[in-house]
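Colleague: Only the shape, not the letters, is given here:
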Ligand SMILES: Cc1cc2nc3c(=O)[nH]c(=O)nc-3n(C[C@H](O)[C@H](O)[C@H](O)COP(=O)(O)OP(=O)(O)OC[C@H]3O[C@@H](n4cnc5c(N)ncnc54)[C@H](O)[C@@H]3O)c2cc1C
């Protein structure tokens with residue numbers, strides 16, 4: 001065990017996902033190198049995570065760089081370009097024309113198109129309804145009933161319209177999506193970033209400022225600083241903390257705050273949902289599904305909504321890999337995470353045999369990531385309510401005293417995405433740098449008037465912490481002078 005003596009630093013960052021690593025990099029670039037990063041897992045990356053499966057690298061968490069080809073360059077696409085990350089274009093638009101029924105017949109494209117248009121109309125009517133707060137009970141707003149309608153409703157709501165239109169990612173960065181297909185994994189982007197400010201050797205981070213397997217359990221904060229306790233009994237003292245765990249972790253009781261977070265903050269945390277999204281990987285001795293540019297995705301229409309609905313083959317990414325991926329969300333996702341992988345394989349095989357006949361081979365391997373049951377994630381990504389008010393957006397990212405919040409869930413425009421995590425890391429660290437500068441100026445003023453004004457007694461009991469502004473600064477070059 002590490003020496004239990006107290007470690008002191010200027011800024012302590014909780015979590016080494018994309019937001020935490022980006023925040024640390026921005027701080028280092030601005031002269032704050034006295035940073036400690038505590039990561040609960042035994043690796044960096046958080047919800048960006050690769051694993052070897054069926055002889056190739058698969059992404060258990062984020063898989064796509066979403067938002068490419070638009071007016072502005074997606075910063076993650078830019079990082080990928082600089083790191084020569086291998087990607088391949090994914091065309092979702094054809095999925096709706098590859099819908100199988102339970103007897104293996106593909107629905108005619110006219111039927112699929114009609115069902116799709118009906119579902120879009122219904123979704124728009126529902127949104128208008130929620131807008132006017134006036135329930136309308138007509139045909140367009142009643143839920144889908146037939147398997148094809150249920151399947152299309154699932155693609156529309158759990159994939160294409162999982163967010164409320166207009167979707168900033170597509171408007172700002174473009175509508176194309178690229179699947180990461182690189183044996184170094186999506187996480188390679190994080191290692192490339194880390195090596196610019198942490199000591200690394202042969203691709204391994206050896207810098208002692210990054211501490212893995214450190215589960216933060218308690219944050220005691222007062223006007224002077226923050227004391228952080230980890231599960232293994234270590235204590236860290238910092239002037240400031242940046243907290244990057246997911247909204248699911250903040251909603252759980254993994255981290256205890258003393259004094260407790262103020263009400264405006266806990267309300268904001270509880271008002272954002274966490275989406276559960278699971279990709280199940282299946283490896284086969286040979287492929288039996290149709291391939292080709294417009295066949296990457298296919299849909300299974302079942303009477304139960306979301307039941308092994310959305311399939312993808314990995315032949316575009318890794319030709320000859322013989323891997324299929326089926327994505328389950330929310331209720332179905334939680335259901336399969338609670339059962340054995342053998343049971344999930346049995347269910348998936350039954351669905352595949354309904355689509356492709358009884359002669360297809362059994363899968364030889366299965367991989368079921370469990371983001372929902374992981375106490376350091378507690379879900380896949382944040383899902384903002386349909387109508388988001390300004391207060392929620394401001395409160396979720398506003399600091400509480402010396403604790404600053406970051407992570408994809410604090411990104412107003414890009415929550416739920418890797419680029420949301422990346423941009424939030426930049427935003428939060430810039431806001432913190434501003435605050436550090438302001439504090440330095442306050443200290444200088446106080447020092448000058450030391451003999452004239454009595455010092456305020458500092459108290460640990462900061463129970464009613466008012467909302468703070470989240471400061472932004474576009475030009476931080478001058479900060480070097482203060483640090
Ligand atoms: C299955 C899945 C599919 C996805 N698909 C896509 C996609 O295709 N494209 C896309 O853009 N985005 C996708 N996302 C979302 C994307 O992965 C996230 O938005 C992004 O990676 C979040 O980064 P973050 O830094 O905010 O959080 P995280 O990556 O969760 O980082 C937070 C870190 O904090 C650590 N931590 C938690 N609690 C503690 C504690 N108590 N003490 C110390 N450390 C702690 C965690 O271990 C973690 O490493 C997907 C996510 C999932 C799960």
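Modeller: Looks like it arrived, so ask away. Here the structure is a predicted model, which is why all the values come from computation and not from measurement.
Colleague: What is the longest helix along the chain packed up against?
Modeller: Longest helix of the chain, by residue count under DSSP state H: helix 418-448. Secondary-structure packing of helix 418-448 (3 or more CB pairs under 8 Å, 6 or more residues apart in numbering; DSSP states H and E): helix 18-29, strand 64-68, helix 75-82, strand 235-243, helix 390-397, strand 403-405. All C-beta atoms are positioned from the backbone trio N, CA, C, and that covers glycine.
Colleague: Now that helix: average pLDDT?
Modeller: In this model, helix 418-448 has a mean pLDDT of 94.
Colleague: Also stretch 101-116?
Modeller: Averaging pLDDT along stretch 101-116 gives 90.
Colleague: Pull the distance from that stretch to the chain's centre.
Modeller: In terms of CA atoms, centre = their mean, to the nearest Å, the centre of stretch 101-116 is found 33 Å from the chain centre.
Colleague: Quick check: residues of the stretch 1-150 of the chain near the ligand?
Modeller: 14-20, 38-41, 46-48, 61-64, 66 (CB under 6 Å from any ligand atom).
Colleague: How about the stretch 201-350 of the chain?
Modeller: So the stretch 201-350 of the chain meets the ligand at 214-216, 244-246, 249, 254-255, 277, 279 (CB under 6 Å from any ligand atom).
Colleague: So which of those residues sit within helices?
Modeller: Within those, membership in helices is found for residue 249, as judged by DSSP H.
Colleague: about what we covered before: and the helices and strands packed on helix 418-448 as a markdown table, adding mean neighbour count and distance to residue 415?
Modeller: Below are these laid out as a markdown table (neighbours: other CB atoms under 10 Å; distance: least, CB to CB, whole Å):
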| stretch | mean neighbour count | distance to residue 415 |
| --- | --- | --- |
| helix 18-29 | 26 | 11 |
| strand 64-68 | 23 | 12 |
| helix 75-82 | 18 | 14 |
| strand 235-243 | 22 | 16 |
| helix 390-397 | 18 | 9 |
| strand 403-405 | 25 | 13 |
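Colleague: what about the ones you listed, which gets the closest to residue 114?
Modeller: Among the helices and strands packed on helix 418-448, the nearest to residue 114 by CB to CB is strand 64-68 (28.0 Å).
Colleague: Just the mean pLDDT for that closest one, thanks.
Modeller: The pLDDT scores in strand 64-68 average 97.
Colleague: so what does it touch, helix or strand wise?
Modeller: The contact analysis (3+ CB pairs under 8 Å, 6+ apart) places strand 64-68 against helix 75-82, helix 168-173, strand 176-180, helix 418-448.
Colleague: one more time with 7 Å, if that's ok
Modeller: Contacts defined by 3 or more CB pairs under 7 Å, 6 or more residues apart in numbering; DSSP states H and E place strand 64-68 against helix 75-82, helix 168-173, strand 176-180.
Colleague: Show residues contacting the first one.
Modeller: So that's helix 75-82. Defining contact as CB atoms under 7 Å, 6 or more residues apart in numbering, one finds that helix 75-82 is touched by 65, 68, 87, 189, 418-419, 422-423.
Colleague: Mind doing that once more with 10 Å?
Modeller: With CB atoms under 10 Å, 6 or more residues apart in numbering as the test, helix 75-82 has contacts from 18, 22, 62, 65-70, 73-74, 85-87, 173-174, 176, 178, 180, 182, 186, 188-190, 192-193, 414, 417-423, 426.
Colleague: Next, the angle from that helix to helix 18-29.
Modeller: For helix 75-82 against helix 18-29, the angle by axes from the mean of the first three to the mean of the last three CA atoms, to 10 degrees is 70 degrees.
Colleague: how about the residues of the stretch 351-483 of the chain that lie near the ligand?
Modeller: When proximity is defined as CB under 6 Å from any ligand atom, the stretch 351-483 of the chain approaches the ligand at 371, 376-377, 380-381, 407-408, 416-418, 420-421.
Colleague: Closest one of these to residue 331?
Modeller: Proximity to residue 331 was ranked across those by CB to CB; first place goes to residue 380, at 13.6 Å.
Colleague: residues near the closest one, how many?
Modeller: Applying other CB atoms under 10 Å, we find 24 other residues in the vicinity of residue 380.
Colleague: Repeat that for residue 293.
Modeller: Using other CB under 10 Å: residue 293 sits among 9 other residues.
Colleague: now swap in residue 88 and tell me
Modeller: Per other CB under 10 Å, the neighbour tally for residue 88 reads 13.
Colleague: So it: helix, strand or coil?
Modeller: Under DSSP: H, G, I helix; E, B strand; the rest coil, residue 88 falls in the strand class.
Colleague: Can you tell me how far it is from residue 398?
Modeller: Distance, residue 88 to residue 398, by CB to CB, to the nearest Å: 40 Å.
Colleague: Pull out the buried residues from stretch 84-101.
Modeller: Across stretch 84-101, burial judged by 16 or more other CB atoms under 10 Å covers 85-87, 90, 92, 95-101.
Colleague: Over to stretch 298-305?
Modeller: Going by neighbour count (16+ other CB under 10 Å), the buried part of stretch 298-305 is 298-302, 305.
Colleague: try stretch 31-51
Modeller: By 16+ other CB under 10 Å, the buried positions in stretch 31-51 come out as 32, 34-41, 44-50.
Colleague: Can you say which two of those residues are spatially most distant?
Modeller: Top of the distance list for the buried residues of stretch 31-51 (CB to CB): 34 and 50, 31.4 Å.
Colleague: Next up, the contacts around residue 355.
Modeller: 100-106, 288-289, 298-301, 308, 311.
Colleague: Name the helix or strand for residue 71, please.
Modeller: Per DSSP states H and E: residue 71 is located in neither a helix nor a strand.
Colleague: If we ignore the residues flanking it in sequence, what's nearest it?
Modeller: residue 172 (7.1 Å; CB to CB, 6 or more residues apart in numbering).
Colleague: And the one you found, how far from the ligand?
Modeller: Counting by CB to the nearest ligand atom, to the nearest Å, the separation of residue 172 from the ligand is 14 Å.
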